[in-house]
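Novice: Provide a 3D model corresponding to the input given below.
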Amino acid sequence: MNRKLYAEFFGTFWLVFGGCGSAVLAANFPVSGIGFIGVSLAFGFTVMTMAYAVGHISGGHFNPAVTLGLWFGGRVSFKIVPFYIIAQVAGGIAAAMTLYWVASGQVGFNVVDSGFAANGFGEHSPGQYSMTAAIIAEITLTCFFLLIIMGATDSRAPAACAPIAIGLGLTLIHLISIPVTNTSVNPARSTAVAIFQGTWALQQLWLFWVMPIIGGILGGLIYRFMLQNSNE
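Specialist: As a prediction, this is how the structure comes out:
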């Protein structure tokens, strides 16, 4: 079990540091900023690379909504769920702390004013989208993320391609929803940066736990009862 928890810790660390780090450090860098397309790719690359690196150890969840969705989907036992979630949140916080130290090396950096890649809705949505829009987006996109994960890791699918499909799926999710919520679909990712942003991000954090979890559970149930081979 310890090896699995370490894998989830480091996998989530890389996802948060790589994905949120690209948003905080590189998205708006003068002249050569990578923009939201680059940030979307960064999130996809993080989950793809760590799925190859440690997915064979823990399954490569790196996300409480994924862990819960896979439990409802019949892929994992409940006994691992709380331990995985703790490891994921801890890995995310460690990554956000590291990112904070790096970002603070820039003259004039202010973690509150910068937003620190936190997720938000209403006036804190990048595109000023409402709470209702955020709810619909986070549930829908997390649901489909679970469908991608469960389909790509199905025994009938080519196993070597699963991390690529999952990484590209997360990239697409970010391309769709960065303007809406800055894209969560992952409570550990949202929690990690919200702690350091410390103001509105913490006040709105509830949505980025509740809605991704609902979406993850829906995705797990849909695949289990509508798409999965009845012999499995």
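
Novice: residues contacting N229?
Specialist: Neighbouring residues of N229 by Cβ atoms under 8 Å, 6 or more residues apart in numbering: D154, S155, R156. The way it works is simple: take the backbone N, C-alpha and C, and place the C-beta from them, glycine included.

Novice: separation between the second one and Q228?
Specialist: In this structure, S155 and Q228 are 10 Å apart, going by Cβ to Cβ, to the nearest Å.

Novice: Below-threshold pLDDT in the chain: ranges please.
Specialist: 30-32, 230-232 (pLDDT under 70).

Novice: Centre-most residue in it?
Specialist: Computing the C-alpha centroid of the chain and ranking residues by Cα atoms, centre = their mean puts N186 first, at 3.6 Å.

Novice: Backbone torsions only: list them for the nearest residue to that residue once chain neighbours are set aside.
Specialist: The shortest distance from N186 to any non-neighbouring residue, by Cβ to Cβ, 6 or more residues apart in numbering, is to N63 (4.3 Å). Per-residue torsions, N63: phi -170, psi 120 (degrees, to the nearest 10).

Novice: Might you report the residue contacts of N63?
Specialist: T12, L15, Q88, V185, N186, P187, A188, R189, P212, G216.

Novice: Which parts of the chain are strands?
Specialist: Remark: strands of the chain are absent; assignment by DSSP state E.

Novice: Let me see the ranges of the helices in it.
Specialist: 2-21, 35-58, 64-72, 81-103, 111-114, 131-152, 162-181, 187-197, 200-203, 207-222 (DSSP state H).

Novice: wait, which of the contacts of N63 is closest to H124?
Specialist: Lowest distance from H124 to these (Cβ to Cβ) belongs to R189, with 15.9 Å.

Novice: quick revisit: out of the contacts of N229, which one sits closest to G69?
Specialist: Nearest member of those to G69, counting by Cβ to Cβ, is D154, at 14.3 Å.

Novice: phi, psi of the nearest residue to the closest one once chain neighbours are set aside?
Specialist: Nearest-residue entry for D154: Q228, 7.1 Å, with adjacent residues in sequence omitted and distances by Cβ to Cβ, 6+ apart. Dihedral pair for Q228: phi -80, psi 150, per degrees, to the nearest 10.
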